[in-house]
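Enquirer: Following is a predicted model, sequence given first.
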Amino acid sequence: MRSLTIAVALTLGAIALASPQELVQEQVPELAPPVPAPPRPAGAESGPETEITPAHEAAVVRGLVYLAETQNADGSWTAKVGRKLNESYDYTDDTGHVGVTSLACIAFLAGGHQPGRGKYGQVIERGLDYVLASCTEDGYITRNKTRMYSHAFST
């Protein structure tokens, strides 16, 4: 769950570094060495271990702060809404985007925050209100001509 939080917060928080190592070197070189990931439960699939470092945690915090500061008054987050058209991309003006709003809410939830509670409770509630207000009578979740890809994030 924490890995999802890091991925979403880094992506939506506009942190454009190529790797966590670069983040540590460029942003917070004085932080302590990496903290090893907790051991896997018996019988869990084997695979690469993920280390959550203090630099990762700091990046998540910065990403969530950024998201909270950039939320629109209606609860949405702004992004281009459009569609792939042959080899180009046709998009409308930047506007409230139901898919981006859903991903932003997921970042807060993955970080352990809950609607109506704590530091980001109202941020999450406004975002969820926007998404729920975007539901049509047939169950499709869309606003400002967003498409099925955004509907999937919203569900």
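Expert: Looks like it arrived, so ask away.
Enquirer: in this structure, which helix has the most residues?
Expert: Longest helix of the chain, by residue count under DSSP state H: helix 54-70.
Enquirer: Contacts for the helix or strand that comes right after that one next, please.
Expert: Next helix or strand after helix 54-70 toward the C-terminus (DSSP states H and E): strand 78-85. With contact meaning Cβ atoms under 8 Å, 6 or more residues apart in numbering, strand 78-85 is reached by 70, 72, 89-97, 99-100, 144-147. C-beta: built from backbone N, CA, C; applies to glycine.
Enquirer: Tell me which residues touch residue 75, please.
Expert: Residue 75 makes contact with 101, 125, 126, 127, 128, 129, 130, according to Cβ under 8 Å, 6+ apart.
Enquirer: Contact partners for the fourth one?
Expert: With contacts taken as Cβ under 8 Å, 6+ apart, residue 127 has the following neighbours: 71, 75, 76, 77, 101, 102, 104, 105, 108.
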